[in-house]
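**Q** can't give you the sequence, but here's the structure:
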């Protein structure tokens with residue numbers, strides 16, 4: 001049976017070759033090969049991009065975990081920021097669960113920070129400016145509660161050394177990001193969050209999630225944005241968190 005099918009296939013090929021000509025047949029083969037080649041290149045390119053994004057996500061989350069837990073606990077603001085980053089950057093639930101597990105594994109170990117950051121640059125080679133953009137987001141995590149202790153500074157300095165950046169860059173970033181004398185009050189907090197003074201805790205949390213999702217530092221595309229845009233996003237995110245904390249305490253005291 002297989003022999004008969006093979007003979008029929010050869011005859012069909014010979015008939016096509018004699019009827020339509022060698023050139024038409026070769027053109028057909030060339031078109032098919034070109035189409036396959038283009039599809040293969042596109043698929044290969046997309047696969048490489050996906051791999052790059054997965055590695056970038058993994059290492060950034062690992063470093064964020066170390067910063068968040070460096071003072072002994074992960075605060076509500078830090079947990080919210082991580083949650084938003086996972087929601088925004090994870091490709092699907094499977095990757096989100098993996099990144100969350102990565103966060104939990106890395107948050108309790110600080111002594112390998114330099115090694116993880118060094119491995120990051122090796123596995124995800126980034127130009128200097130893109131490393132600075134990533135560092136902006138890491139500093140944002142360190143400042144999200146408004147306080148920066150010496151342990152967090154040590155963690156950031158270890159990352160800076162591994163990233164092979166100027167050691168003085170940390171102070172420059174801190175000076176440009178830290179909010180000085182914000183004078184947060186009820187009216188200002190309500191204006192920033194778009195709520196009125198009678199908002200309840202449920203409304204506050206819902207509004208916070210909406211704004212945090214909109215303005216959170218975009219880890220995945222940090223290397224596609226300039227430094228000023230990253231800083232603006234970070235400051236906006238910090239402002240939202242500060243307003244949220246102020247209104248949350250106000251509502252709890254009122255009730």
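**A** Everything's here; your move. All of these numbers come straight from a predicted model, not from anything done at the bench.
**Q** buried residues, stretch 191-198. List them.
**A** Neighbour counts over stretch 191-198 (16 or more other CB atoms under 10 Å) mark 192, 193, 195 as buried. In this view, the C-beta of every residue, glycine as well, is placed from N, C-alpha and C.
**Q** could I get the full set of helices for the protein?
**A** 2-20, 22-69, 76-89, 93-106, 113-123, 128-143, 150-162, 169-177, 186-193, 201-215, 227-254 (DSSP state H).
**Q** tell me the confidence at the closest residue to residue 157 other than its chain neighbours?
**A** Distance criterion CB to CB, 6 or more residues apart in numbering; nearest residue to residue 157, sequence neighbours excluded, is residue 170 at 6.3 Å. Per-residue pLDDT puts residue 170 at 91.
**Q** hmm, residue 170 is touching residue 158, no?
**A** No. With contact defined as CB atoms under 8 Å, residue 170 does not reach residue 158; the gap is 10.8 Å.
**Q** what's the burial count for the closest residue to residue 117 other than its chain neighbours?
**A** Using CB to CB, 6+ apart and skipping residues adjacent in sequence, the residue nearest residue 117 is residue 162, 3.4 Å away. Residues near residue 162, counting by other CB atoms under 10 Å, number 20.
**Q** for residue 132, same thing?
**A** With other CB under 10 Å as criterion, residue 132 counts 21.
**Q** and the pLDDT for it?
**A** So residue 132 comes in at 88 (pLDDT).
**Q** before we move on, what about residue 166?
**A** 93.
**Q** who's in contact with it?
**A** Contacts here follow CB atoms under 8 Å, 6 or more residues apart in numbering; on that basis residue 166 touches residue 160.
**Q** next, find the distance separating it from residue 131.
**A** To residue 131, residue 166 is 11 Å away according to CB to CB, to the nearest Å.
**Q** mind checking how far the residue nearest to residue 157 is from residue 127?
**A** Residue 170 is 19 Å from residue 127, by CB to CB.
**Q** higher neighbour count, the two?
**A** residue 170 (19 against 9).
**Q** who touches stretch 200-217?
**A** Counting by CB under 8 Å, 6+ apart, 80-81, 84-85, 87-88, 136-137, 140, 193-195, 199, 230, 233-234, 236-237, 240-241, 244, 247-248, 251-252, 255 sit against stretch 200-217.
**Q** out of those, which end up buried?
**A** For the contacts of stretch 200-217, buried by 16+ other CB under 10 Å: 80-81, 84-85, 136-137, 140, 193, 195, 199, 230, 233-234, 236-237, 240-241, 244, 247-248, 251.
**Q** contact partners for residue 74?
**A** Contacts of residue 74 by CB under 8 Å, 6+ apart are 68, 82, 107.
**Q** would you turn the residues you listed into a markdown table with pLDDT and neighbour count?
**A** Shown next, in a markdown table, are these (pLDDT from 0 to 100; neighbours: other CB atoms under 10 Å):
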| residue | pLDDT | neighbour count |
| --- | --- | --- |
| 68 | 92 | 25 |
| 82 | 87 | 21 |
| 107 | 93 | 21 |
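**Q** quick one: those residues as JSON lines, columns for distance to residue 56 too.
**A** Converted to JSON lines, the contacts of residue 74 look like this (distance: CB to CB, whole Å):
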{"residue": "68", "distance to residue 56": "18"}
{"residue": "82", "distance to residue 56": "16"}
{"residue": "107", "distance to residue 56": "19"}
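**Q** now, which of these sits nearest residue 95?
**A** Distance to residue 95, by CB to CB, is smallest for residue 82 among these, at 14.4 Å.
**Q** and the closest one, how far from residue 142?
**A** Residue 82 is 13 Å from residue 142, by CB to CB.
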